[in-house]
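1. Quick one, structure for this:
(chains A, B, C and D)
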There are 2 protein chains.
Amino acid sequence: MTAEPSWDFYRSFLTVLRHGSLSAAARELGLTQPTIGRHIDALEEAVGAELFIRSSNGLLPTDMALDLRPYAETLATTAAALLRTASSQRGKVEGTVRISASEVIGIEVLPPIIADLQEAYPGLQVELSASDALEDLMNREADIAVRMAEPRQDALLVRRVGDIPLGFHAHRRYLERHGTPQTMAELAGHRLIGFDRQTAYIRMMLKLYPVAEQLAYAFRTSSHLAHYTAIRAGIGIGVCQTGLARPNPDLVHILADEFEIPLGTWVVMHESLKTSPRCRVAFDALVNGLLNYIRSCRETRV
Amino acid sequence: MTAEPSWDFYRSFLTVLRHGSLSAAARELGLTQPTIGRHIDALEEAVGAELFIRSSNGLLPTDMALDLRPYAETLATTAAALLRTASSQRGKVEGTVRISASEVIGIEVLPPIIADLQEAYPGLQVELSASDALEDLMNREADIAVRMAEPRQDALLVRRVGDIPLGFHAHRRYLERHGTPQTMAELAGHRLIGFDRQTAYIRMMLKLYPVAEQLAYAFRTSSHLAHYTAIRAGIGIGVCQTGLARPNPDLVHILADEFEIPLGTWVVMHESLKTSPRCRVAFDALVNGLLNYIRSCRETRV
DNA sequence: CGGCGGTCATGTATTTATGTATAGCGGCGG
DNA sequence: CCGCCGCTATACATAAATACATGACCGCCG
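-> Next up, the predicted model:
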């Protein structure tokens, strides 16, 4: 290791990892294939190890390359965060804001809210990371996050928007065939949709309704989104946000009076971003949009 | 933001922040002051804001620059961590590699090669399966195999190392008693060592030298290893690898000019293992070791 | 089996970035 | 006040990185 390698090599390295070939990486970065190839050569020289096995249909990363990948990813997210920070301070509401939310929220709830936001501010770019793996606000992997648990960090600007109510739902078709349970006890005879693993709200459900533990589940999935899809497909009775089911005339809320889980919801932003117009605007839009959404959950169906 | 700025600009930026002047940063990075100045210019252009107030005795960071500093620090520590990880991983070849070879190769040829390999990589465990029943690489009964026939499987990484020459040999003691045959025809009167069953190289021998079929064999065994041992014991004249006999002063190569069978040799590894350092290292060692071995077969005896 | 689309490797020309040399500015101390 | 030493900015020559063009290889498909 004579001199530190150019940091650009790390970018090329990561892009090759992501795309699997020098050519694809070159297209991504607006460079050419020989250039990327030389970057990889130089980096291999610098670290003194082989990073890729070259073949005629792409590059295969070595174990070493896979070990280094997380660092390269961190470099990329940090560089992106730096740029976002820089551009966020320019008074106007434009540029990119990165929002992190759970899968269900990100896919089913946020899109209309974001649509309104972008209607109001056409120059605003939104990046939505819909994943149940939560991103780190402190390192600015995201600018704003919608969280289902109360954040404990101090340097965060936190706004609680209320409780999203969860309830048992099933497709009308399923109920026509199997009947509609009128009491919790009657659930026992039904095809139930359950979860693969314990998440926070599962634990809350078991605490509130210990009986759930003894139920037999006909279908299990680890994805909340797949769970919701299973309900819509008529597989059986499952738990989902009442606000999601309400607009869909085929979905029926079951045991509404006997069973409800409140899902506490927070919108969170890094303290230092509150002076950034674009982040403030997005933060406010998320808060108001989620407040409306929660309100709609409570309304009786039209 | 037209194109993403070079990540090297971040490094220059951070170094200027740390040292307070372009010149000092240039010294630190092994660059020159105009270069660092251009990097800062370019970065300011890219983020669209002034990062430093230039004065004749140094650069004064703006608030923006101070806001960006934490990200730049993260970049630096991450880049350093990446390099450290790389250097700590380098040369970390350890674990077990399972090698499959024929009995003769496994017992007579490979041990010195494996000894060198383990000398170079003390953490490497080698399992040697020396058997003429060939193990299935596809099912990973072995990681690497030395084969005497060209493999046809697709997902294998194959390297042909050349032909191992076979020839007639006998112990000096035997020849002193029975004389040394000078022509193929003279073999007829000798005690010959033969094989119990037809193997691939027997068929090749019969094809190249049909006369062998009519010879009378005084001793037969189904094991190539026992065959070789029989030669060394002075039972008679048999076929073995010239490279095995050469270092042994008691063994004499007979009819060297009239008779030779080339035994094609391949080193084979499952495709998916080529990114594993220990398998790569072992593979390369086998290839080189066998190339040397084959070269030694051709040399005239000292 | 031959064309096609994809890949990587290599050699050459050109653009780009860098180094060198120099000029100008400001502070500091004799 | 002047000389010295640090800094930045600029102009020009040089070195380095890049793009371009080409060739070879592999898998795919009609």
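2. gap between stretch A:168-188 and the chain center?
-> 31 Å (Cα atoms, centre = their mean, to the nearest Å).
3. which residues touch that stretch?
-> By Cβ atoms under 8 Å, 6 or more residues apart in numbering or on different chains, the list of residues contacting stretch A:168-188 from outside reads A:189-191, A:209, A:211, A:215-216, A:231-240, A:242, A:245, A:249-255, A:258-259. In short, each C-beta sits where N, CA and C put it, glycine included.
4. which of those are buried?
-> A:190-191, A:231-232, A:234-240, A:242, A:245, A:251-255, A:259 (16 or more other Cβ atoms under 10 Å in any protein chain shown).
5. Which residue ranges make up the domains of chain A?
-> With domains defined by automatic domain parsing, chain A comprises A:7-85, A:89-161+A:265-298, A:163-263.
6. so which of those domains comes closest to B:Y10?
-> With Cβ to Cβ as the measure, domain A:7-85 is the member of those nearest B:Y10 (6.6 Å).
7. Which one of the domains of chain A has the poorest average confidence?
-> Mean pLDDT is lowest for domain A:163-263 among the domains of chain A, at a mean of 88.
8. Report how far apart the opening and closing residues of that domain are.
-> This stretch, domain A:163-263, spans 5 Å end to end (Cα to Cα, to the nearest Å).
9. what do you get for stretch A:45-53?
-> Stretch A:45-53 has an end-to-end distance of 14 Å (Cα to Cα).
10. Next: stretch A:187-195.
-> Note: stretch A:187-195 ends 16 Å apart using Cα to Cα.
11. on that earlier part again, which of the contacts of stretch A:168-188 fall within helices?
-> Of those, the ones assigned to helices by DSSP state H are A:I231, A:R232, A:T242, A:A245.
12. Of these, which pair is most distant in space?
-> A:R232 and A:T242 (14.1 Å).
13. Distance-wise, check the closest residue to A:E299 other than its chain neighbours relative to A:M148.
-> Using Cβ to Cβ, 6 or more residues apart in numbering or on different chains and skipping residues adjacent in sequence, the residue nearest A:E299 is A:R246, 7.7 Å away. Distance, A:R246 to A:M148, using Cβ to Cβ, to the nearest Å: 20 Å.
14. and chain A, which of its residues are near chain B?
-> Selection of chain A residues close to chain B by Cβ under 8 Å from any Cβ of the partner chain yields A:1, A:3-8, A:10-11, A:30, A:46-50, A:53, A:60-64, A:67-68, A:71-72, A:74-75, A:78-79, A:81-83, A:85-87, A:89-90, A:139-140, A:272.
15. again, only using 7 Å
-> Neighbours of chain B within chain A, by Cβ under 7 Å from any Cβ of the partner chain: A:1, A:3, A:6-8, A:10-11, A:30, A:47-49, A:53, A:60-64, A:67-68, A:71-72, A:74-75, A:78-79, A:81-83, A:85-87, A:89-90.
16. Write the PyMOL selection for whichever of the residues you listed are buried.
-> Listed next is the PyMOL selection for buried residues among the residues of chain A next to chain B, using 16+ other Cβ under 10 Å:
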select buried, chain A and resi 6+7+8+10+11+47+49+53+61+62+63+64+67+68+71+72+74+75+78+79+81+82+83+85+86+87+89+90
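17. Tell me the residue of the stretch 151-300 of chain A that sits nearest DNA strand C?
-> A:R278 (29.1 Å; Cβ to the nearest atom of the strand).
18. Contact partners for that residue?
-> A:S88, A:V93, A:E94, A:G95, A:V97, A:L124 (Cβ atoms under 7 Å, 6 or more residues apart in numbering or on different chains).
19. Close to DNA strand C: what parts of chain A are there?
-> Proximity of chain A to DNA strand C is confined to A:21-24, A:33-34, A:37, A:54-59 under the rule Cβ under 7 Å from any atom of the strand.
20. at 10 Å instead, please
-> For chain A, the contact set with DNA strand C under Cβ under 10 Å from any atom of the strand comprises A:6, A:8, A:16, A:19-27, A:32-38, A:40-41, A:52-60.
21. The helix of greatest length in chain A - contacts with which helices or strands?
-> When chain A is parsed with DSSP H, its longest helix is helix A:63-88. If you count contacts as 3 or more Cβ pairs under 7 Å, 6 or more residues apart in numbering or on different chains; DSSP states H and E, helix A:63-88 packs onto helix A:7-19, strand A:95-101, helix B:7-19, helix B:33-47, helix B:63-89.
22. With respect to DNA strand D, which of the ones you listed lies nearest?
-> Comparing the helices and strands packed on helix A:63-88 under Cβ to the nearest atom of the strand, the one sitting nearest is helix B:33-47, at 3.9 Å.
23. does any bit of that closest one sit next to DNA strand D?
-> Yes - Helix B:33-47 lies within reach of DNA strand D by Cβ under 10 Å from any atom of the strand, at B:Q33, B:P34, B:T35, B:I36, B:G37, B:R38, B:I40, B:D41.
24. on that earlier part again, which one of the domains of chain A lies closest to B:S102?
-> Closest to B:S102 of the domains of chain A is domain A:7-85 (Cβ to Cβ; 28.2 Å).
25. And the strands in the stretch 51-200 of chain A, which stretches?
-> A:52-55, A:58-61, A:95-101, A:124-130, A:144-147, A:156-171, A:192-195 (DSSP state E, counting those that start in this stretch).
26. I'd like those laid out as a markdown table, including distance to B:G179.
-> A markdown table is the format used below for the strands of the stretch 51-200 of chain A (distance: least, Cβ to Cβ, whole Å):
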| stretch | distance to B:G179 |
| --- | --- |
| strand A:52-55 | 56 |
| strand A:58-61 | 59 |
| strand A:95-101 | 90 |
| strand A:124-130 | 87 |
| strand A:144-147 | 93 |
| strand A:156-171 | 96 |
| strand A:192-195 | 87 |
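27. TSV for those, including distance to DNA strand D?
-> TSV is the format used below for these (distance: least, Cβ to the nearest atom of the strand, whole Å):
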stretch	distance to DNA strand D
strand A:52-55	7
strand A:58-61	10
strand A:95-101	25
strand A:124-130	25
strand A:144-147	35
strand A:156-171	37
strand A:192-195	38
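28. B:T265: which of those strands is closest?
-> Among those, strand A:52-55 comes nearest to B:T265, with 23.4 Å by Cβ to Cβ.
29. Kindly export the host helix or strand of A:A282 (C-alpha atoms) in CSV.
-> Here A:A282 sits within helix A:277-298, counting by DSSP states H and E. Provided in CSV are the C-alpha atoms of helix A:277-298 (Å, rounded to 0.1, in the frame of the first residue of the first chain):
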residue,chain,number,x,y,z
PRO,A,277,-37.3,24.2,3.5
ARG,A,278,-37.6,21.1,1.4
CYS,A,279,-37.4,18.7,4.4
ARG,A,280,-39.8,20.8,6.4
VAL,A,281,-42.3,20.8,3.6
ALA,A,282,-42.1,17.1,3.2
PHE,A,283,-42.2,16.5,7.0
ASP,A,284,-45.4,18.6,7.3
ALA,A,285,-47.0,16.9,4.3
LEU,A,286,-46.3,13.4,5.9
VAL,A,287,-47.7,14.5,9.2
ASN,A,288,-50.8,15.9,7.8
GLY,A,289,-51.3,13.1,5.3
LEU,A,290,-51.0,10.5,8.0
LEU,A,291,-53.3,12.4,10.3
ASN,A,292,-55.9,12.4,7.5
TYR,A,293,-55.3,8.7,6.9
ILE,A,294,-55.8,7.8,10.5
ARG,A,295,-58.9,10.0,10.6
SER,A,296,-60.3,8.1,7.6
CYS,A,297,-59.7,4.8,9.4
ARG,A,298,-62.2,5.9,12.1
